[in-house]
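after the sequence you'll find the predicted model.
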Amino acid sequence: MPINKIQFQPGLSLPDFFAQFGTEDQCQTSLEQTRWPDGFVCPDCGGQKHSLVHREGRKWWQCSVCRKQTSLTAGTVFESTRLPLRLWFLGIYHLTQPKNNVSALELKRLLGVNDKAAWRMKHKLMQVMDEREDERVLGERVEIDDAYLGGVRAGKAGRGAE
């Protein structure tokens, strides 16, 4: 029987994660490359010519066509956040790497944020993951691991059952 490629895919260790996303600059660069792989594209008009504006310690992209300014996090799950991107990336890591679910209370402890921030982060990320997988339909053969289906029925069987 061939090896299951999904089950045995290489993961990202915590030291590797910190080497790749340990600083705010690394997280911003990664988000910028993911969001605009071929360079900046204005979300309003689709223009590609732009100028960079630095304001309040943040970078803003100003479209040369429509003059609209946008930030790196505008229109993403990170929009309007006060938390640094490195905490969001670490939260994504902790939600996606373990086999079991991570509670908001555990996320609070792992990230060092308050319980409202941890709860909001977890639910925003879960909503984004749900929207991303919404269109996918399971097909062909579906295997379930570490699950218990069925069990002992409670109550009366046969005639007179509820």
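That came through fine.

what residues of stretch 46-56 count as buried?
Across stretch 46-56, burial judged by 16 or more other C-beta atoms under 10 Å covers His50. C-beta here means a position set from N, CA and C on the backbone, and glycine is covered the same way.

for the host helix or strand of Asp25, buried residues please.
Using DSSP states H and E, Asp25 sits within helix 24-35. Neighbour-count burial for helix 24-35 flags 26-28, 31 (criterion: 16+ other C-beta under 10 Å).

please apply the same query to stretch 119-134.
119, 121-122, 124-125.

before we move on, the earlier item: what's the helix holding Asp25 packed up against?
Secondary-structure packing of helix 24-35 (3 or more C-beta pairs under 8 Å, 6 or more residues apart in numbering; DSSP states H and E): helix 14-21, helix 85-96.

thinking again about what came up before, nearest to Cys66, of the buried residues of stretch 119-134?
Lys124 (28.5 Å; C-beta to C-beta).

list of residues touching the one helix or strand the closest one maps to?
Lys124 is part of helix 115-133 when elements are defined by DSSP H and E. By C-beta atoms under 8 Å, 6 or more residues apart in numbering, the residues outside helix 115-133 that reach it are 77, 83, 88, 91-92, 95, 102, 104-105, 107-108, 111, 113.

could you export the helix holding Asp25 as PDB, CA atoms only?
What follows is helix 24-35 as a C-alpha-only set of coordinates in PDB (Å, rounded to 0.1, in the frame of the first residue of the first chain):
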ATOM      1  CA  GLU A  24       7.000  42.000  12.000                       C
ATOM      2  CA  ASP A  25       8.900  42.900   8.900                       C
ATOM      3  CA  GLN A  26       9.100  39.200   7.800                       C
ATOM      4  CA  CYS A  27       5.300  38.900   8.300                       C
ATOM      5  CA  GLN A  28       4.600  42.100   6.300                       C
ATOM      6  CA  THR A  29       6.900  41.000   3.500                       C
ATOM      7  CA  SER A  30       5.200  37.500   3.400                       C
ATOM      8  CA  LEU A  31       1.700  39.100   3.400                       C
ATOM      9  CA  GLU A  32       2.700  41.600   0.700                       C
ATOM     10  CA  GLN A  33       4.100  38.800  -1.500                       C
ATOM     11  CA  THR A  34       1.000  36.700  -1.000                       C
ATOM     12  CA  ARG A  35      -1.500  39.500  -1.500                       C
END
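
next, the angle helix 85-96 makes with it.
Computed with axes from the mean of the first three to the mean of the last three C-alpha atoms, to 10 degrees, the direction of helix 24-35 lies at 70 degrees from that of helix 85-96.

I am finished for the moment; much appreciated.
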